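S.K.: Coordinates only, no sequence provided:
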């Protein structure tokens, strides 16, 4: 890694891009990796310890068991539409929800305002990933899709120009919540493992997103609640995950992100994040920091492949001195369905802290269930 750890030591452990010392190094310390569309042979090393490069590639290469992605989404204010964009560098044997055989793929799906779902995968000839400071940029050549992020994680822009595949448009986002890792804030030395052998880095837990796309002739344009993160592993997804619940949303003045994973080992792994007015209230992977459970119909836990979709989720988050936040997440619409193994929703949230004032908001959330 070219980005020196010395600046992190000089400002404590924080990888603070606001430091003039760090800023002066951004240009000279940029790192570029090119990923070809076919999997390599041999072993791949995964990094799970942070080192002032949150949104960069964390795998040495992509072989037949490895997967890595850069994920972006936005939900409309009325929770009736969304746009989800993922830049994949992953094998279909490592992450079996992808179409083979290309390792480099761009995917966009959207719950359209008319209630139908648009979904397309576009193969790329290669992916060029550049990391500068904490941020990253990516160019998926041949797919005519790219993203550009600032070193301080404050702004991201996606441009897609693929009329042959029915996708033209832009996604602009300004962060309103500090980034984080599964167990703590952005700084060097943080654990990046959110579940066994699975990395996670959340560059933008909450953002103001401005989407403007034409998808097979349908206009999708609004400002909503945005988000960006990345996951990675050098082991097949199903080797370590029995089920997982993930989601994010904005509840009153609070930005919330949750992760609750049941490993193949039978253990539960969690990550909680809440911020308020651009300051972190809690970022923890402690066992008691958060509890996420399905609610309404089909609320069986742990879920199985045969379990139907729940009506929503209940979330309890320990905010420390601020008290306990209780959130009721209700599904408004299914935004993507992958057989019975995967579901993505858009929905609404209601909640309070210690039984206080009731707050409302919108959310995007998903569930994997791979245990028979």
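M.R.: Happy to help now that I have it. Only a predicted model underlies this, so the values are computations on that prediction, with no experimental measurement involved. Numbering: from 1, shown residues only.

S.K.: only C-alpha atoms for contact and neighbour calcs from this point on.
M.R.: Noted.

S.K.: check contacts around residue 82.
M.R.: By C-alpha atoms under 8 Å, 6 or more residues apart in numbering, the residues touching residue 82 are 73-76, 110-112, 335, 346.

S.K.: who wins for neighbours among the residues you listed?
M.R.: residue 74 (32 neighbours; other C-alpha atoms under 10 Å).

S.K.: Quick check: the gap between it and residue 129.
M.R.: 22 Å (C-alpha to C-alpha, to the nearest Å).

S.K.: Filter the contacts of residue 82 down to the ones in helices?
M.R.: Among the contacts of residue 82, no member falls in helices (DSSP state H).

S.K.: Now, those residues that are in strands?
M.R.: Counted as lying in strands by DSSP state E, out of those, are 73-75, 110-111, 335, 346.

S.K.: And residue 322, its phi and psi?
M.R.: Dihedral angles of residue 322 (phi, psi; degrees, to the nearest 10) stand at phi -80, psi -10.

S.K.: now residue 83: how far from residue 150?
M.R.: In terms of C-alpha to C-alpha, residue 83 sits 21 Å off from residue 150.

S.K.: which residues touch stretch 252-270?
M.R.: Contacts of stretch 252-270 (C-alpha under 8 Å, 6+ apart): 177, 194-196, 205-206, 239-250, 271-277, 285-287, 289-292, 302, 359-361.

S.K.: Make a markdown table out of the contacts of residue 82 and add distance to residue 125 and pLDDT.
M.R.: As requested, the contacts of residue 82 are exported to a markdown table (distance: C-alpha to C-alpha, whole Å; pLDDT from 0 to 100):
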| residue | distance to residue 125 | pLDDT |
| --- | --- | --- |
| 73 | 24 | 98 |
| 74 | 27 | 98 |
| 75 | 30 | 98 |
| 76 | 32 | 98 |
| 110 | 24 | 98 |
| 111 | 28 | 98 |
| 112 | 29 | 98 |
| 335 | 28 | 98 |
| 346 | 32 | 98 |
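
S.K.: possible to save those as JSON lines with distance to residue 155?
M.R.: Listed next are the contacts of residue 82 as JSON lines, based on distance: C-alpha to C-alpha, whole Å:
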{"residue": "73", "distance to residue 155": "14"}
{"residue": "74", "distance to residue 155": "14"}
{"residue": "75", "distance to residue 155": "17"}
{"residue": "76", "distance to residue 155": "19"}
{"residue": "110", "distance to residue 155": "22"}
{"residue": "111", "distance to residue 155": "24"}
{"residue": "112", "distance to residue 155": "25"}
{"residue": "335", "distance to residue 155": "25"}
{"residue": "346", "distance to residue 155": "23"}
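
S.K.: farthest-separated two in those residues?
M.R.: 73 and 112 (13.7 Å; C-alpha to C-alpha).

S.K.: Contact partners for residue 176?
M.R.: 154, 204, 206-208, 277-278.

S.K.: And for residue 193?
M.R.: By C-alpha under 8 Å, 6+ apart, the neighbours of residue 193 are 48, 182, 199-200.

S.K.: Who wins on neighbours among the residues you listed?
M.R.: residue 182 (26 neighbours).

S.K.: so where does that residue fall, helix or strand?
M.R.: Using DSSP states H and E, residue 182 is not contained in any helix or strand.

S.K.: so it makes contact with residue 271?
M.R.: Yes - using C-alpha atoms under 8 Å as the test, residue 182 is close enough to residue 271 to be in contact (5.4 Å).

S.K.: tell me, what's touching the two both at once?
M.R.: 194, 283-285.

S.K.: Please tell me how far the residue positioned nearest the centre of the chain sits from residue 72.
M.R.: For the chain, residue 229 is the residue whose C-alpha lies nearest the centre (C-alpha atoms, centre = their mean; 3.2 Å). Counting by C-alpha to C-alpha, the gap from residue 229 to residue 72 is 7 Å.

S.K.: Where does pLDDT dip in the stretch 251-372 of the chain?
M.R.: Within the stretch 251-372 of the chain, not a single segment meets pLDDT under 70.

S.K.: Run through the residues that contact residue 353.
M.R.: Counting by C-alpha under 8 Å, 6+ apart, residue 353 has contacts 322-326.

S.K.: do that again at 10 Å, thanks
M.R.: 316-319, 322-327, 359 (C-alpha atoms under 10 Å, 6 or more residues apart in numbering).

S.K.: from those residues, which is closest to residue 219?
M.R.: Distances from residue 219 to the contacts of residue 353, taken by C-alpha to C-alpha, are shortest for residue 359, at 31.0 Å.

S.K.: What residues are bridge-paired with that closest one?
M.R.: residue 351 (DSSP bridges).

S.K.: just checking, it touches residue 352?
M.R.: Yes - Residue 359 is in contact with residue 352 according to C-alpha atoms under 10 Å; the separation is 6.0 Å.

S.K.: State the next helix or strand along the chain beyond the helix or strand encompassing residue 292.
M.R.: Residue 292 belongs to strand 290-295 when assigned by DSSP H and E. Per DSSP H and E, strand 290-295 leads on to strand 312-318 as the next helix or strand towards the C-terminus.

S.K.: by contact count, what packs against that next one?
M.R.: Strand 312-318 sits against strand 254-263, strand 268-276, strand 279-284, strand 290-295, strand 324-338, strand 342-353, with contacts defined as 3 or more C-alpha pairs under 10 Å, 6 or more residues apart in numbering; DSSP states H and E.

S.K.: Mind listing what's buried along the fifth one?
M.R.: So the one you mean is strand 324-338. By 16 or more other C-alpha atoms under 10 Å, the buried positions in strand 324-338 come out as 324-336.
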